[in-house]
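1. When you get a sec, could you give me coordinates for this:
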Amino acid sequence: MKIVIVGGVAGGATAAARIRRLDEQAEILVFERSGYISYANCGLPYYIGGVIEDPEELTLQTPESFFSRFRITMKVHHEVIAVHPERKCVSVRNLESGEVFEERYDKLLLSPGAKPTQPRLPGIGLEKMFTLRTVEDTFRIKEFIHQNHPKSAVLAGGGFIGLELAENLRELGMEVTIVQRPKQLMNPFDADMASFIHSEMRRHGVRLALGHTVEGFEEKDGGIEILLKDEAPLHADMVVLAIGVTPDTALAREAGLELGIKGSILVNDRMETSMPDIYAVGDAVQVKHAVSGQDALISLAGPANKQGRIAADNICGGDSRYPGSQGSSVIKVFDLTAAVTGLNERNARAAGIETDKVILSPMSHAGYYPGGRLMTMKVLFEKETYRLLGAQIVGGEGVDKRIDVLAAAIHAGIKATELQELDLAYAPPYSSAKDPVNMAGFMIENIEKGVVKQFHPEDVADLPRDGSITLLDARTPGEFQNGHIEGFVNIPVDELRERLGEIEKGKTVYVMCQSGLRSYIACRILSGNGYDCRNLSGGYRFYASVMQDRRMAETAAPCGMER
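-> Presented below is the predicted three-dimensional model:
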């Protein structure tokens, strides 16, 4: 059996190695148009910033090492330019010699990946404009910085690559601005959780020009002008387009394969395309979202590697199935870690799912052990059924641990209330006896049993201030003086029992504190004394972060050049 694989990164390389492990006799041939196979895409910004010093560290395998270990022929600088399903062969161009030849196959695996989205705007392709997707892209940016010593950069786009590159360019001492049409960075997060990311970027001097439309680029004064709709242009010594990626599926389209959203390749759960003996994996394929069941494009290394393994199993006569992707991901943002899994609120509602949520601010480990850092967790679940839908966490250490636990819980179909039952490891340097994941479960169980009723930051502005309800701040007087929500009256939780006479019976009491814990205790006191009570999810700390982010966006200078 002869297997031809198009694309040697992530899915393609994984599939090739798996096929060899399953079939020692198969002939395996991989064509990769770049000069590198099995390289670490996610490490590219860190090489530009100097965190990774040796460029060889980016290359996980070479054609020589792959052949030595697996007897797999990896042909770099070879581009497959056509697929001929009726003749079961591909046309290939040697990019070094220009030679074009045909290669037959018994099974074909397409792993072309995705390419940086390049909008059709005036000035695209200027000399000081870059994209970052391949090792070659990285070397071009690194060499430009080394030779020209640019002092400023504008990054168009605020996703994973944009944020990682912004951090690394700032570490090199450059002035960095991120500009994009959406009003928040990191689309997988909800806007309220993204506010913490925005704050961290600003704290480290990254300028955010959010909610602005780029209309073109011009060379001017030795740099590039970024033309904005209805705003003064931005100026920088270099520009990096990090708007996103688009499935690279021209081959599939021209071969007559069925396509899905954004031109992605349609596959079934065995990674089979619409054509016999042709498989596809990675960023180029349409998948099912594992939580919503809806069609999705999820460009992440983990799913690509899993899909490569599944395709390899099936090519070798097995019956492996891909259950879908839930989009688990994590990113370092200066001193912050941000992670997400499953659905966010926006996508859950778009899928027609009635959602509820809890927001908590636990320490990364036991509070009495030195070095703990606060994290903010948002856990989403389906109303009525309490099906776990997704989670978002921002904070310091321990974020990755908790998101992985929650990702596993979602995959296993654990109800949100069952998070309290997970038996998780505890020692003071690593966690608390009641782990933050357990705490989320306790909170959700309280909602299920009616022990707690919530209101959320987005509800605050609509609360009547006419005396028909009672607004209560259960923090200390010092905390209250340092900032509070208009209309809330301060009665510290530890004084509440003695001051119940100040709270009128028969009115619903809306209670807040710094994180939601003391206000929960206040609600229990009030409920035990005959009051109807609501607790502010996330507390004042969460509310203040969201409100401050909104104010920063609203009061930004023309062209959004705020710090």
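
2. all strands of the stretch 301-450 of the chain, in order?
-> In the stretch 301-450 of the chain, the segments counted as strands under DSSP state E, counting those that start in this stretch are 329-333, 336-342, 355-360, 376-382, 388-395.

3. For residue 187, find the nearest of those.
-> Evaluated over the strands of the stretch 301-450 of the chain, closeness to residue 187 peaks at strand 336-342, with 10.0 Å, by C-beta to C-beta. Just so you know, the C-beta spots here come from the backbone N, C-alpha and C atoms, and that holds for glycine as well.

4. The closest one pairs with which strands, parallel or anti?
-> Note on strand 336-342: by DSSP bridges, its sheet partners are strand 329-333 (antiparallel), strand 388-395 (antiparallel).

5. Report the buried residues of the first one.
-> Yep, that's strand 329-333 we're talking about. For strand 329-333, burial by neighbour count (16 or more other C-beta atoms under 10 Å) applies to 329, 331, 333.

6. out of the residues you listed, who's nearest residue 101?
-> For the buried residues of strand 329-333, the residue nearest residue 101 by C-beta to C-beta is residue 329; the value is 39.7 Å.

7. So what sits opposite the closest one in the bridge?
-> Counting by DSSP bridges, residue 329 is bridged to residue 340.

8. Model confidence for it, exactly?
-> pLDDT recorded at residue 329 is 96.

9. That one contacts residue 298, doesn't it?
-> No - at 9.1 Å, residue 329 does not count as touching residue 298 under the criterion of C-beta atoms under 8 Å.

10. Could you count how many residues lie near residue 56?
-> Using other C-beta atoms under 10 Å, the number of residues around residue 56 comes to 7.

11. ditto for residue 174
-> Neighbour count for residue 174, taken as other C-beta under 10 Å: 19.

12. Show the residue spans covered by the helices in this protein.
-> Along the chain, the segments classed as helices by DSSP state H run 11-22, 44-48, 63-70, 135-148, 160-171, 191-203, 250-255, 301-315, 345-350, 399-412, 436-448, 477-481, 517-528, 539-554.

13. if you compare the strands of the stretch 301-450 of the chain, which one is most tucked away?
-> Mean neighbours per residue, mean count of other C-beta atoms under 10 Å, is largest over these for strand 388-395, with a mean of 28.

14. can you dump the C-alpha coordinates of that strand into CSV?
-> C-alpha atoms of strand 388-395 as CSV (Å, rounded to 0.1, in the frame of the first residue of the first chain):
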residue,chain,number,x,y,z
LEU,A,388,-21.4,21.4,31.8
LEU,A,389,-20.9,23.7,28.8
GLY,A,390,-17.6,25.5,29.1
ALA,A,391,-15.2,27.4,31.3
GLN,A,392,-12.8,30.4,31.1
ILE,A,393,-10.0,31.1,33.6
VAL,A,394,-7.6,34.0,33.9
GLY,A,395,-4.9,34.3,36.6
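
15. pLDDT of it, averaged?
-> On average, strand 388-395 scores 98.

16. Repeat that for stretch 438-445.
-> 98.

17. which parts of it are buried?
-> Residues of stretch 438-445 classed as buried: 438, 439, 440, 441, 443, 444, 445 (neighbour count, 16+ other C-beta under 10 Å).

18. Many thanks, have a good one.
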